[in-house]
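Asker: structure, please.
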Amino acid sequence: MQKNRPKNKRKSPLRKLLTAFCMTIVVVLLIAGGVYAAYRNLVRPPVVEDAVVIRLPVVTQPTTAPLTEPGNGIIFSEIPDRDEPEEPAYEYVRFERRPLFYTILVYGLDVGFNADTIMLAAFDGQTQQAYLISLPRDTRVYSNRSTGRSKLVVSYSAGRQNGGGHEGGVALLKDEVASLVGFRPDFYVRVDYRAFTRVVDAVGGVYVTIPFRMVYDDPYQNLHINLFPGRQRLNGQQALHFARFRQFNDYCPYFRNFTDFQRQANQQILINSIVNQLLSTPRNIATIPELVRIYREHVTTNMSVLEMAWFVDQAPDLLGGNILSTYTLPIYRTERQGWYEIPCKEGILELINRTINPFQQDITAEMLRIVN
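Answerer: Purely as a prediction, here's the structure:
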């Protein structure tokens, strides 16, 4: 009598397909997990010096006590010899850096290699706050290249001359920014106009309220601005026109007092709009390849790819509050002869120490070199 042998059960094609799909998903997840773990191990906060030693003048108080001649009650003081002025005394002070606090110089060049747009940004990795201060292009700065009558706008082009090249331009721009704020920025990012327009187009445009009709024509720069008032979505070229508009000409003779400060305010509005658009819209994940191409073709920086990746990695934590706080460097007055913006030392100290000071100690007036 033959025993009944169990029959081999054949798997259906659908079941095979599902099994293969599940195995593929598992493999992909394992690979993705490994790549993510490797990414997390490679991407670290940028490393900067943990302290800076700064040479500062010693502020001395008169130490000579009043002398009294015995018996007559006459009080007099010793008078120092004025024939030879005393050499100023200096001391070296160690300024400790704030942990995970970074400063970035952002600038854009015009056709003549002048730094037409200059901003100083800071990111606090502990509090997840970001700051941006616009520096007026016509700010008067002390410089070794002149007798104290120089504009910040020409710092980069002056540094490029005499064989300095790009690095010489960045070095001089950093030096002259440091004379205004008391420290040299950690990083720099140079962005050209083409990058700006491509980023705006990549995110689908930005919504901006234009306060009035903006008309300007400059054949030399091939710049022709014609924007109408009202809230609207601007494409890259229109956004660039909104950012560059700074004065009216014969085509539109009204509102001639539109200042460079209003132009900086417009630039800050655009930057905030772009950042909000990038961080708050899930569909912008699809723009990452285009943004990478823009970075490679139009951005010059001393940040490594991994350092930049760390800053990008912090972006989701900024969504809970104000993404970016924007300010303008305080100006005391405008010197119309030659058109210089004269910085306000007291206002700068208050703003810097409240926002982008990278040190644990306050920056002091002796650390600034401000034109009176």
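
Asker: ok, for the most centrally placed residue in the chain, nearest residue in space, not its chain neighbours?
Answerer: By C-alpha atoms, centre = their mean, the chain has its centre lying nearest to residue 121, at 2.9 Å. Closest residue to residue 121 apart from its sequence neighbours, by C-beta to C-beta, 6 or more residues apart in numbering: residue 104 at 4.5 Å. Glycine gets a C-beta too; all of them are placed from N, C-alpha and C.

Asker: okay, and the one you found sits in which element?
Answerer: Element membership for residue 104 (DSSP states H and E) is strand 101-109.

Asker: same question, residue 131
Answerer: Take DSSP H and E as the rule and residue 131 turns out to sit in strand 129-134.

Asker: show me what the helix or strand following that strand is in contact with.
Answerer: Remark: after strand 129-134, the chain's next helix or strand is strand 140-141, criterion DSSP H and E. Outside of strand 140-141, the residues within contact range by C-beta atoms under 8 Å, 6 or more residues apart in numbering are 148-152, 155, 176, 179-180, 335, 340-343, 369, 371.

Asker: what is the neighbour count of the residue nearest to residue 121?
Answerer: 21 (other C-beta atoms under 10 Å).

Asker: return the residues in contact with it.
Answerer: Contacts for residue 104 (C-beta under 8 Å, 6+ apart) come out as 120-123, 185-189.

Asker: what about the strand holding residue 131, distance to the chain center?
Answerer: Distance of strand 129-134 from its chain centroid, counting by C-alpha atoms, centre = their mean, to the nearest Å, is 7 Å.

Asker: kindly report the same for stretch 170-181.
Answerer: Its chain's C-alpha centre and that of stretch 170-181 lie 13 Å apart, by C-alpha atoms, centre = their mean.

Asker: tell me the mean pLDDT for it?
Answerer: On average, the pLDDT along stretch 170-181 is 94.

Asker: outside of the helix or strand residue 311 falls within itself, list whatever touches it.
Answerer: According to DSSP H and E, residue 311 maps onto helix 305-314. Applying C-beta under 8 Å, 6+ apart, the set of residues contacting helix 305-314 from outside is 39, 42-46, 102, 123, 125, 128, 187, 301, 303.

Asker: what number of residues lie near residue 172?
Answerer: Neighbourhood size, residue 172 [other C-beta under 10 Å]: 22.

Asker: what secondary structure does the closest residue to it other than its chain neighbours sit in?
Answerer: Excluding the flanking residues, the one nearest residue 172 by C-beta to C-beta, 6+ apart is residue 159, at 3.1 Å. Three-state assignment for residue 159 (DSSP: H, G, I helix; E, B strand; the rest coil): helix.

Asker: how far away is residue 43 from residue 49?
Answerer: 21 Å (C-beta to C-beta, to the nearest Å).

Asker: which one of the two has more residues nearby?
Answerer: residue 43 (16 against 8).
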